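> next come a sequence and a model predicted from it.
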Amino acid sequence: MHKSSLAAGCAIGAMLLFSSHPVLADPADPAAAAPSAPAPTPAAPGAAQAGQINTTQTDDAGHAPIVVTGRLISGDRDAIVAPVVIGGEDLARRAAAQIGDVLAHLPGVSTSGFAPGASRPVLRGFDGPRVQVLTDGLGALDASSVSADHGVAIDTLNVEQIDVLHGPEVLLYAADPAGGAVNALDRRIPRRVPARPIAVNALAAYGSAADSVNLGGAVDVALAPRLAAHFDASYNHAGDVRIGGAVVSEPLRTQLQAEAADLSAAGDSEGAANLTRGIDARGRLANSWARGSTFGAGLAFIDSGGSIGLSVQRLTSDYGIPPRPSSEAPELVSLSLRQTRYDLRASANLGGFFDRLEARVAYGDYTHAEIASGIAGTRFYNSAIESRFVLTQARHGGWRGESGLQYGTRNFRIVGDPLLPNSVTERVAGFTRQQLSLGKVDLEGSVRGEHVSVKPKGLGAGDTGRSFNLFAAGAGLAWHPLESLTVSLSATHGERAPTAEELYIDGLHDATQSYERGNPTFKIERSNTVEAGLRYHSDRIAGAFTAYATDFSNFIAPVPTGQQIQGAPVYQYVQLPARFRGFEAEGSWKALAWDDGRALSVETAVDYVHAELTGQGPAPRIPPLRVRGGVTYESDRIGANVEAIVHARQDRVTTYETKVDGYTLLNANLTWRPMGKSGPLTLILSGDNLLDKVGRLATSETRDFVPIAGRDIRLTATLRI
């Protein structure tokens, strides 16, 4: 995209400013909506009601009430920095095995896009350990933050709602709030006894781009007046992904063609032929298949004094890693991931100053093997436990709050190629969050203290590991000058301990096809963030705008050195100051509205991140400017949307990274509810990348040989009885 187009995109986004999809979001009861957040309160002027497009709907099958809300302006759980919420039809429409793919369309959210089977969310240009990926308030207990090729161990086909969190609220979960957090809420441990003996939720989807099949189902059973059981399962299967054109990007093609010519001149005709086949590949992405399944069950005792419940989940995921063209015969690498997870949730209604005590404990036994040409090589093992104990204060006038303790330990082992030593990481933290409503002003403050120790094994008697004491704090205010308007400002200071991978990794990683080097002398990474927001809602217009600035000292980043070891590029972790600046905006204008509830809305969204490593230039893998515009029609039985998403060219790349061309996607979807919005059945026909464009993600390490999927026609059905 040319600079003039970039300027035009910014101008259009700034003029339109607002955009939000109406979706079915399920807040359930206050504790269910946010396991570690205080119960929602009556709306401050202009706060909670800003996102609600329609009124509350209820069913009689024992399910939680459903509220039709604007996706971004999602209620009053946090008036300072409202979470971005996806649920209901929008979540079903985006059904995918990896959580990064589910969320990639949201403002400020991208995906790591390493492979179709490995896709973590990227928030405002941050990924890996800077983005907490949680299940019901606790970590995923996997190894997805260790490396971009590792999938996330979350059953996305059976979650009820996903929240994207920023600002002081993130300090409930981590001491480094700069990146944010993603919290997937499920009901594997029942929160209520169904009103009917049995309640069923099911989803089935087929996508043409990879002949993908996604199936998910859950059953809640009322065993007794105070006893409920839950059973769920999911299955996904996808073949190699169809793409709109060439596999290899133009910059890599030019480089490889020169290498092929050199091989041919040197008499290595076989090597030149292998390389040429990779250069000329089109139409389908080799070794991009994926398949997986989950099985889960939960049991809970629930009464007016509190509840206690247990659950277990078994998750499997197998997926291929698309190969980089090479002069050698292609060695197909795949990952085989397995996790067994046990969860406990207990709560007690206390009365008095503290209204509620909630305890959450999870244990995960995780392993994955990296398989090359059918032979299992390096194996990763992660045994982890995480626990949270939270006291929620009773409301005293406009004052509410919560305080808690968190403990986690991770025993990480590698068998095979020693990329890094085995290690044990422990975290102990205490936190509090206090909120005060003073008429038209809401105030919020959060503090977190955390101790982290990283103890490697096998490095010698003199190396006892590293310990870090972290302190983080955040404060914010929201002003509601009008019932329809909220102006907010927040500031956070965060600190992050280097991970074992950043400290000690030193080796060739076959799956990422790179050589990675850490630094055991790294210091604490510190950040300071300021965020300003504007949220508005009227009968015809709803929207939000957020601008943020984050400054880091000792920012840790893997930087390509330009060297190669065993034919793989070398990435060296470095630590230096960094600056991130960005904004997000979205909104909708209800252009036409009928008395029977039908409406036609015009929508738009824009987001942008500018990131700089002091003395080095642009930070690696930063998403470019993105602008979306669309039209949505909604009625009781029919919904339809057409949208265009413009991804600008990314010229701001690190040394040895390739620039990424801009591209435009055309998407559309049609929703049919045969028995209306309150009915049990929904059918969705959607088309993504209808123009069959070739696009590459600037956030992906493999972008030069892993383009986005081509035209994908998807049919989804959901059933709720």
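Received the coordinates, thanks.
> quick one, phi/psi of the residue of the chain positioned farthest from its centre?
Outermost residue of the chain with respect to the C-alpha centroid, by C-alpha atoms, centre = their mean, is residue 267; its distance is 48.4 Å. With angles defined as degrees, to the nearest 10, residue 267 sits at phi 90, psi 10.
> how about the contacts made by it?
When the contact criterion is C-beta atoms under 8 Å, 6 or more residues apart in numbering, residue 267 has no partners at all. To be clear about C-beta, it is placed using only N, CA and C from the backbone, and glycine gets the same treatment.
> how near is it to residue 519?
Plainly put, residue 267 is 42 Å away from residue 519 if you go by C-beta to C-beta, to the nearest Å.
> per-residue confidence at the residue farthest from the centre of the chain?
In the prediction, the pLDDT value recorded for residue 267 is 91.
> ok, residue 559 next?
The per-residue confidence score, pLDDT, reads 81 for residue 559.
> does it really touch residue 570, like I thought?
No. When contacts are counted by C-beta atoms under 8 Å, residue 559 is not listed as touching residue 570 (9.7 Å).
> and residue 593, bridged to which residues?
Legend: beta-bridge partners of residue 593 under DSSP bridges are residue 599.
> what number of residues lie near it?
The local packing of residue 593 (other C-beta atoms under 10 Å) involves 14 other residues.
> pretty sure it sits against residue 635.
No. Taking contacts as C-beta under 8 Å, residue 593 lies outside contact range of residue 635: 11.1 Å.
> could you export the lengthiest helix in the chain as PDB, keeping only the C-alpha atoms?
Secondary structure of the chain read by DSSP state H shows that its longest helix is helix 250-265. As requested, C-alpha coordinates have been extracted for helix 250-265 and formatted as PDB (Å, rounded to 0.1, in the frame of the first residue of the first chain):
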ATOM      1  CA  GLU A 250       8.700 -12.400  -3.800                       C
ATOM      2  CA  PRO A 251      11.600 -11.500  -1.600                       C
ATOM      3  CA  LEU A 252      12.300 -15.100  -0.600                       C
ATOM      4  CA  ARG A 253      11.700 -16.200  -4.200                       C
ATOM      5  CA  THR A 254      14.500 -13.900  -5.400                       C
ATOM      6  CA  GLN A 255      16.900 -15.100  -2.800                       C
ATOM      7  CA  LEU A 256      16.100 -18.800  -3.400                       C
ATOM      8  CA  GLN A 257      16.400 -18.500  -7.200                       C
ATOM      9  CA  ALA A 258      19.900 -17.100  -6.800                       C
ATOM     10  CA  GLU A 259      20.700 -20.100  -4.500                       C
ATOM     11  CA  ALA A 260      19.300 -22.500  -7.100                       C
ATOM     12  CA  ALA A 261      21.400 -21.000  -9.800                       C
ATOM     13  CA  ASP A 262      24.500 -21.400  -7.700                       C
ATOM     14  CA  LEU A 263      23.700 -25.000  -7.000                       C
ATOM     15  CA  SER A 264      23.100 -25.700 -10.700                       C
ATOM     16  CA  ALA A 265      26.400 -24.000 -11.600                       C
END
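> give me the next element, helix or strand, following it.
The helix or strand immediately downstream of helix 250-265 is helix 269-280, counting by DSSP states H and E.
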